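> Show me the folded form of this:
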Amino acid sequence: MSNPLADPGHGHSPAAWTTVLIMLVGLAIGTVALFLGSWPVVAVGAVIVVLGPIAGWIVSKAGYGVNGPKYSSKAH
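From the prediction side, this is the model:
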């Protein structure tokens, strides 16, 4: 049984970076569109933000999450 209090890895994985980058792109698109008054493009940005965690979950399930077999931790 896994420990629910175990260290989740602080987001230092390709899956976490994928999630954050996709969400940042969606936020940037939505912000620029909001200033320009283009509501359909704001909606596109919001959809991209929602797709970020879904893409991160898929990448994590592909083995690139913190405890995935394809992920190798880098020493700091």
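> helix, strand or coil for residue 71?
Using DSSP: H, G, I helix; E, B strand; the rest coil, the structure places residue 71 in coil.
> How many neighbouring residues does it have?
By the criterion of other CB atoms under 10 Å, residue 71 has 17 neighbours. (Glycine included, C-beta is placed from N, CA and C.)
> That one is in contact with residue 65, isn't it?
Yes - between residue 71 and residue 65 there is a contact at 6.4 Å, judged by CB atoms under 8 Å.
> can you list residues touching both of these two?
With contacts defined as CB atoms under 8 Å, 6 or more residues apart in numbering, the residues adjacent to both residue 71 and residue 65 are 13, 15.
> Excluding chain neighbours, give the residue nearest to residue 50 in space.
Residue nearest to residue 50 in three dimensions, not counting chain neighbours: residue 26, with 7.9 Å by CB to CB, 6 or more residues apart in numbering.
> scratch that, residue 39 is what I was asking about
Here the residue nearest residue 39, using CB to CB, 6+ apart, is residue 33, at 7.6 Å.
> for residue 12, helix, strand, or coil?
coil.
> was I right about it contacting residue 73?
Yes - checked against CB under 8 Å, the pair residue 12 and residue 73 is within contact range at 7.3 Å.
> got any ranges where this structure has weak pLDDT?
Scanning the chain for pLDDT under 70 picks out the ranges 1-10, 74-76.
> Please report the distance of the spatially most central residue of the chain from residue 29.
By CA atoms, centre = their mean, the chain has its centre lying nearest to residue 19, at 0.8 Å. Distance of residue 19 to residue 29, computed by CB to CB, to the nearest Å: 16 Å.
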